[in-house]
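Trainee: Below is the sequence, then the predicted model.
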Amino acid sequence: MFVDQVKIYVKGGDGGNGMVAFRREKYVPNGGPAGGDGGNGANVVFEVEEGLRTLMDFRYQRHFKAPRGEHGMSKNMHGKNAKDMIVKVPPGTVVTDDETGEVIADLVEHGQQAIIARGGRGGRGNSRFATPANPAPEISENGEPGIERNITLELKLLADVGLVGFPSVGKSTLLSVVTAAKPKIAAYHFTTLVPNLGMVETEDGRSFVMADLPGLIEGAHEGTGLGHQFLRHIERTRVIVHVLDMSGMEGRDPYEDYVTINNELKEYNLRLTERPEIIVANKMDMPEAEKNLEEFKKQIDKDAVIFPVSALTQSGLRDLLFAIADKVAETPEFPLDHEEEDLSVNRVMYRHEKQAAEFVISRGPDGAFELTGSKIEKLFKMTDFTREASIRRFARQLRSMGVDEALRERGAENGDVVRLLDYEFEFVE
Ligand SMILES: Nc1nc2c(ncn2[C@@H]2O[C@H](COP(=O)(O)OP(=O)(O)OP(=O)(O)O)[C@@H](O)[C@H]2O)c(=O)[nH]1
């Protein structure tokens with residue numbers, strides 16, 4: 001199977017920070033707490049867009065950071081939640097977490113969505129920390145950080161466009177020049193893996209997959225030597241591009257060639273002849289080509305769409321590609337014979353975010369105790385270190401998680417340095 005693959009980075013938006021504020025009303029000297037909560041950060045959401053055929057767009061943008069929630073405000077006004085960031089992906093995109101190797105989503109049908117990186121919730125304002133014992137708390141939380149992850153997108157490529165034609169008419173040459181879109185960013189795992197399949201990108205940014213279907217003429221309909229995968233390519237093909245050699249070299253007649261190949265297609269599978277067809281009159285740079293093309297036009301159906309080109313000098317290709325892209329866009333998919341079977345495995349999977357250790361203690365090169373772990377780091381990021389009360393709350397949280405206990409067991413003593421992200425504090429027994 002030919003696979004288009006790209007690695008990207010996604011990050012959900014951080015929650016907005018909660019606010020510390022108090023009511024200020026006339027004649028009320030000590031108004032109660034009035035700091036609003038922060039809004040939730042946006043999720044990064046992938047959505048299937050059936051018009052997309054490849055992962056080509058991800059070559060240009062590989063970082064997706066969703067916006068953060070609005071901060072809480074005074075007078076108990078909550079910050080607004082940020083709107084989800086919607087990223088369009090082609091049908092058939094499988095998303096894997098690089099760290100765990102786990103499949104996060106398998107996106108198939110148009111409009112289907114999956115949350116790929118959750119936004120953080122908004123931090124609570126001080127109103128929410130009021131208790132009878134502490135009616136005017138100076139505590140608020142910062143927003144929860146959004147989930148960030150490095151992921152791989154994979155798309156199994158099936159050809160939208162199939163090139164047919166006699167040997168030596170220039171199919172491979174044509175394919176190689178139109179798929180010349182060499183990756184502009186080296187890290188993009190561009191997969192023109194096999195010489196007879198490639199992605200084509202038109203100047204106006206549309207893309208489709210084009211395959212040379214060489215085996216067709218050599219008794220393909222008898223099923224000799226063609227793998228199942230290859231047959232799928234043919235059947236999926238939405239547009240047939242019929243390449244003809246207009247040079248008339250080797251005594252061949254373009255019209256005869258055309259009829260022969262069409263008969264082959266019919267014999268292989270009648271459904272193939274239902275596909276829209278574009279005729280490419282190739283090798284127009286050759287001396288006899290113009291004359292042969294005129295002859296050919298007299299013989300063929302008047303409605304036939306013919307594009308005179310030269311794969312060699314690369315003339316006429318731009319218009320040809322636009323025409324193919326239009327046809328691909330306007331032609332519905334042809335269901336595969338074994339579609340049902342394939343669909344049964346194609347469902348979206350939502351997995352729980354992994355439950356990592358709450359905290360881990362290690363020793364730095366200078367002997368300091370270092371705390372790491374997703375839960376403890378999240379608590380840290382949600383603490384407003386400009387306020388004593390918030391810092392004390394953080395210390396209480398660490399104690400209740402058992403961090404103090406664990407540090408003591410690891411031999412921490414009064415005055416030892418404990419480090420957490422970019423923050424250092426002294427251990428106090
Ligand atoms: N003059 C001229 N020669 C061309 C053109 N396109 C292809 N050729 C030549 O025609 C020959 C056959 O081209 P290929 O691209 O290998 O043809 P093919 O249809 O892929 O042939 P198979 O691989 O046998 O199926 C090569 O020598 C090409 O250089 C063209 O536009 N003009």
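Mentor: Right, received. Where do you want to start? Numbering: from 1, shown residues only.
Trainee: Report whether Tyr9 is found in a helix, as I expect.
Mentor: No. With DSSP: H, G, I helix; E, B strand; the rest coil as the criterion, Tyr9 is strand rather than part of a helix.
Trainee: Name the residues linked to it by a beta bridge.
Mentor: Under DSSP bridges, the beta-bridge partners of Tyr9 are His63, Asn150.
Trainee: Count residues in the vicinity of it, would you?
Mentor: 14 (other C-beta atoms under 10 Å). Quick note: C-beta positions are derived from backbone N, CA and C, even for glycine.
Trainee: Same check on Ile8?
Mentor: 19.
Trainee: What pLDDT does the model give the closest residue in space to it that isn't next to it in sequence?
Mentor: Using C-beta to C-beta, 6 or more residues apart in numbering and skipping the chain neighbours, the partner closest in space to Ile8 is Arg62 (4.5 Å). Looking at Arg62, its pLDDT reads 91.
Trainee: May I ask you to confirm that Arg62 is in contact with Lys7?
Mentor: Yes. Arg62 is within contact range of Lys7, at 7.3 Å (criterion: C-beta atoms under 8 Å).
Trainee: which residues in the stretch 201-350 of the chain form helices?
Mentor: Assigned by DSSP state H, counting those that start in this stretch, the helices in the stretch 201-350 of the chain fall at 228-236, 254-268, 289-299, 317-330, 339-343.
Trainee: Name the residues that touch the third one?
Mentor: Surrounding helix 289-299, the residues in contact under the criterion C-beta atoms under 8 Å, 6 or more residues apart in numbering are 244, 246-248, 254-255, 258, 281, 283-284, 306, 308.
Trainee: What of the longest one?
Mentor: Contact partners of helix 254-268, identified using C-beta under 8 Å, 6+ apart, comprise 164-166, 169, 216-217, 220-221, 234, 240, 242, 244-246, 248, 272-273, 279, 281, 292-293, 295-296, 299-300.
Trainee: and the angle from that helix to helix 289-299?
Mentor: If you take axes from the mean of the first three to the mean of the last three C-alpha atoms, to 10 degrees, helix 254-268 sits at 50 degrees to helix 289-299.
Trainee: Name the residues of helix 254-268 that are buried.
Mentor: 254-255, 257-258, 261-262, 264-265, 268 (16 or more other C-beta atoms under 10 Å).
Trainee: tell me the least confident of the residues you listed?
Mentor: Among the buried residues of helix 254-268, Tyr268 carries the lowest pLDDT, at 71.
Trainee: For it, give its distance to the ligand.
Mentor: 16 Å (C-beta to the nearest ligand atom, to the nearest Å).
Trainee: Please, which helix or strand holds the nearest residue to Gly143 once chain neighbours are set aside?
Mentor: Spatial nearest neighbour of Gly143, excluding adjacent residues (C-beta to C-beta, 6+ apart): Gly15 at 2.8 Å. Using DSSP states H and E, Gly15 falls within no helix or strand.
Trainee: I'd say Gly15 and Gly69 touch.
Mentor: Yes. Under the criterion of C-beta under 8 Å, Gly15 makes contact with Gly69 at 4.8 Å.
Trainee: hey, what's in contact with both of the two?
Mentor: 38-41, 119-120, 122, 143.
Trainee: which pair in the residues you listed spans the largest distance?
Mentor: The most widely separated members of the shared contacts of Gly15 and Gly69, counting by C-beta to C-beta, are Gly38 and Gly119 (11.2 Å).
Trainee: Between the two, tell me which one has more neighbours.
Mentor: Gly38 (34 against 31).
Trainee: So what's the residue count around Ser310?
Mentor: 22.
Trainee: Who are the contact partners of it?
Mentor: 282-285, 316 are the contacts of Ser310 under C-beta under 8 Å, 6+ apart.
Trainee: nearest to the ligand, of the shared contacts of Gly15 and Gly69?
Mentor: Using C-beta to the nearest ligand atom, Gly119 comes nearest to the ligand of the shared contacts of Gly15 and Gly69, at 50.5 Å.
Trainee: Please report how far that closest one lies from Lys378.
Mentor: 13 Å (C-beta to C-beta, to the nearest Å).
Trainee: same thing with Val418?
Mentor: From Val418 to Lys378 the distance is 17 Å (C-beta to C-beta).
Trainee: Quick check: phi and psi at Thr96.
Mentor: The phi and psi values for Thr96, taken as degrees, to the nearest 10, are phi -120, psi 140.
Trainee: Could you give the bridge partners of it?
Mentor: Val103, Thr152.
Trainee: list the contacts for it?
Mentor: 102-104, 151-152, 154.
Trainee: Can you measure across stretch 96-105, start residue to end residue?
Mentor: From its first residue to its last, stretch 96-105 covers 7 Å (C-alpha to C-alpha, to the nearest Å).
Trainee: shaky segments in this protein?
Mentor: By pLDDT under 70, the weakly predicted segments of the chain are 1-3, 26-30, 180-195, 214-235, 269-270, 334-357.
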